[in-house]
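Undergrad: following is a predicted model, sequence given first.
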Amino acid sequence: MQIGLGEKKGKKMMFIILAYVLTGLLYPILWYSSLPWFTPLIAIVPFLWAEDQLSEYKRPKTYNFLLTTLCFIIISVCSYGWIIRIFDWWEETYEIVNASTYSAALLVATYFVVNSMIYAVVAVIYSIVKEKIGRNVWGYSSFIIIFTAFEHLYNNLEFAFPAIRGGMAMVNGDNWHLQWYEYTGIEGGTIWMLSANVFIYLALKKYIETRDIKRCARKIAVALSIAIAPAVISLIMYNKYEERGQDTEVVMVQPNYMFNNKFEGNREEQLHKMLKAGRNASTPNTKFIILPETAIAGNIWANNLGENPMIQEIHDTIMSMGGEVSILTGADMMEYTISREAPSNVAMQANDSIYVEFFNAAILIDAENAQYYKKSKRVPWVENNPLAALKNKEKGNINNLLIGTQKEPTIMFNKNGNIASIICFESMYGEYVSEFVKKGAEAIFVITNDGWWNGTNEPEQHKRLNQIRAIENRRDVARCGNTGITTFINQRGDEVSRAEWWTDTTLRGNVKMNNKLTFYSKHGDWIGIIALVLCLAFPAVAVKNRFAKPAVKGKKKKK
């Protein structure tokens, strides 16, 4: 019995849908499995094949949009599906009007869908560009340029959640194959992943068309070179790299407070316990003690910082240890401004002439002074949620729903070394972290509170990004988490020592104070800028192809 054309197309559509789903599962696979590091280098091949096949159907761009949305929903759920837990905390802590577990889950699902639809629009743009340029190496290569340029733009938006960038798909915690990120940053990984997928697909496509391995040899060689060469170069770099800088002893305190105990318990007692643990773990050589994000809770005033009893206790601890140690701590802070107009869009009006701004901060205290830095890369919907803030503004209940920031990153200058104090979510942004290094940071101290994510893979994912920041800038990273993962990371991105998740403990180790800038530290995400410029060439190529004379078939003229 013959199968009708419609039935054949129906069966083929099932394979097309499965191909999009397969890409959705393979793209983030290193985030949730122990498969080999090179798996993402073939993750997008099913998508490229399926997108090609859609040309046989009516409204192929509509299908591509819908299926790419499905693909990236799968990628999002596999990458950071754990984020749904934040809304349980949000509801309990801030009592959002009419909030419930169901509505919170719906909001998260909407956030996944919106992000996925944005990526789907980019996929449709690729389809249009490829259609205009042609199904040749340049047409398929436009996929690499368009997605890299988009990621560069998207990463700099206020509400971006850059957990699914192509370069991050290559991160598995064992980073010997990513050492060249010191030149390219995470966008180099995006180019690598996309290029490998495109050229592997072109080689497979050629073989399917010809069934002749010899005629495909060149394309196969190119594809394998693109896939393997960066890893080989990186392995050589890994083995030859020598760490730079003077050793500085650091103690990190991991107090292991659950979020409800952390923000509802006796904060003075909690701080006293952390300081005691840090002092007991120190030696005469210790130069820094690090406490985690929001170790000081309760919104201390920045205007009279030195008068706060908890800051005074930290200073007293420093002096009792001889005055040579410095203590870095996270803190909830607030600042008042006397003004007739709001000093910022997040400032709350206390009365006719006083405005108050809340912010998440890192404070570095030594024997002589205290300096602080405001967290400036805010967690979408949690620290930057204008809608929730508007609903609750009359109640004065916008703390941590819309926090203040500062215009540019600043480093902590100290006699024991110049440090970048990165707060939690900020470590996801490579170029932002490199700004601290460019300004003189010799080491990176990350303070975080991942206590909301017990039982998920979020702490491990977050820690891996700190490893990438170490490679990009060739800076040691001391990562101090409230519940973990507290760890020392060297300039090659290796974990040197680690305090395990969900333990009350301290960790002592050395960081090297390096003042040499990498290429990436100096130039940031230069690859994304080049990709944006190259995108400008697509209209010109499309116009050229539109008016080009068709090739004339026939015998070639003799020379």
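TA: Cool, got the structure. Numbers count the residues shown, from 1 in each chain.
Undergrad: gap between stretch 514-534 and the chain center?
TA: Computed by Cα atoms, centre = their mean, to the nearest Å, the chain-centroid distance of stretch 514-534 equals 17 Å.
Undergrad: measure Ile74 to Gly455 for me?
TA: 22 Å (Cβ to Cβ, to the nearest Å). Every C-beta, even on glycine, is put in place using the N, C-alpha and C of the backbone.
Undergrad: next one: Gly166
TA: Distance of Gly166 to Gly455, computed by Cβ to Cβ: 28 Å.
Undergrad: neighbour count winner among the two?
TA: Gly166 (25 against 9; other Cβ atoms under 10 Å).
Undergrad: who's in contact with the more buried one?
TA: Phe147, Thr148, Glu151, Gly189, Thr190, Ile191, Met193, Leu194 (Cβ atoms under 8 Å, 6 or more residues apart in numbering).
Undergrad: go through those residues and name the one nearest Glu495.
TA: Glu495 has its nearest neighbour among the contacts of Gly166 in Gly189, at 19.5 Å by Cβ to Cβ.
Undergrad: so who does the closest one touch?
TA: Gly166, Gly167, Met168, Ala169, Met170, Val171, Leu178, Tyr181.
Undergrad: now the fifth one: closest residue in space, sequence neighbours ignored.
TA: The shortest distance from Met170 to any residue that is not its chain neighbour, by Cβ to Cβ, 6 or more residues apart in numbering, is 4.7 Å, and that residue is Gly189.
Undergrad: what about that neighbour, distance to Trp501?
TA: From Gly189 to Trp501 the distance is 26 Å (Cβ to Cβ).
Undergrad: picking that back up, dump the contacts of Gly189 into JSON lines; add distance to Ala370 and pLDDT as well.
TA: JSON lines is the format used below for these (distance: Cβ to Cβ, whole Å; pLDDT from 0 to 100):
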{"residue": "Gly166", "distance to Ala370": "41", "pLDDT": "89"}
{"residue": "Gly167", "distance to Ala370": "37", "pLDDT": "91"}
{"residue": "Met168", "distance to Ala370": "35", "pLDDT": "91"}
{"residue": "Ala169", "distance to Ala370": "41", "pLDDT": "91"}
{"residue": "Met170", "distance to Ala370": "40", "pLDDT": "94"}
{"residue": "Val171", "distance to Ala370": "36", "pLDDT": "92"}
{"residue": "Leu178", "distance to Ala370": "37", "pLDDT": "97"}
{"residue": "Tyr181", "distance to Ala370": "35", "pLDDT": "98"}
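Undergrad: in the stretch 151-300 of the chain, where is pLDDT below threshold?
TA: 160-163, 259-265 (pLDDT under 70).
Undergrad: return the residues in contact with Tyr355.
TA: Tyr336, Thr337, Ser339, Ala342, Pro343, Ala347, Met348, Gln349.
Undergrad: quick check on those: which are buried?
TA: Among the contacts of Tyr355, those scoring as buried are Tyr336, Thr337, Ala347, Met348 (criterion: 16 or more other Cβ atoms under 10 Å).
Undergrad: farthest-apart pair in the residues you listed, please.
TA: The most widely separated members of the buried ones among the contacts of Tyr355, counting by Cβ to Cβ, are Thr337 and Met348 (10.7 Å).
Undergrad: shared neighbours of the two, anything?
TA: Tyr355, Val356, Glu357.
Undergrad: closest one of those residues to Val541?
TA: Of the shared contacts of Thr337 and Met348, the one sitting nearest to Val541 (Cβ to Cβ) turns out to be Glu357, at 49.4 Å.
Undergrad: can you name the residues that contact that closest one?
TA: Applying Cβ under 8 Å, 6+ apart, the residues near Glu357 are Met334, Glu335, Tyr336, Thr337, Pro343, Ser344, Val346, Ala347, Met348, Gly404.
Undergrad: double-check that the third one belongs to a strand.
TA: This means Tyr336. Yes: secondary structure assignment places Tyr336 in a strand (DSSP: H, G, I helix; E, B strand; the rest coil).
Undergrad: and the contacts of Glu357, which is closest to Glu51?
TA: Nearest to Glu51 among the contacts of Glu357 is Val346, at 42.4 Å by Cβ to Cβ.
Undergrad: I'd assumed Ile403 was in contact with that closest one.
TA: Yes: if you go by Cβ atoms under 8 Å, Val346 and Ile403 touch, sitting 6.6 Å apart.
Undergrad: which neighbours do those two share?
TA: Phe358.
Undergrad: these two: which is more packed in?
TA: Legend: neighbour count by other Cβ under 10 Å for Val346 and Ile403, higher for Ile403 (26 against 21).
Undergrad: the closest residue to Val129 other than its chain neighbours in helix, strand or coil?
TA: With sequence-adjacent residues excluded and distances taken as Cβ to Cβ, 6+ apart, Val129 is closest to Ser142, at 4.6 Å. Taking three-state DSSP as the rule, one finds Ser142 in the helix state.
Undergrad: same deal with Gly330?
TA: Gly330 ends up strand, using three-state DSSP.
Undergrad: which strand residues bridge it?
TA: Ala362 (DSSP bridges).
Undergrad: same question for the one 4 residues further on.
TA: For Met334, the beta-bridge assignment (DSSP bridges) gives partners Trp301, Phe358.
Undergrad: that one reaches Leu305, doesn't it?
TA: No: contact criterion Cβ under 8 Å: Met334 and Leu305 do not qualify, at 11.1 Å.
Undergrad: so what sits against both of these two?
TA: Counting by Cβ under 8 Å, 6+ apart, nothing touches both Met334 and Leu305.
Undergrad: tell me the pLDDT of Lys395.
TA: Note on Lys395: pLDDT of 46.
Undergrad: by mean pLDDT, which helix or strand of this protein comes out lowest?
TA: helix 386-392 (a mean of 55; mean pLDDT, DSSP states H and E).
Undergrad: sweet, I'm off.
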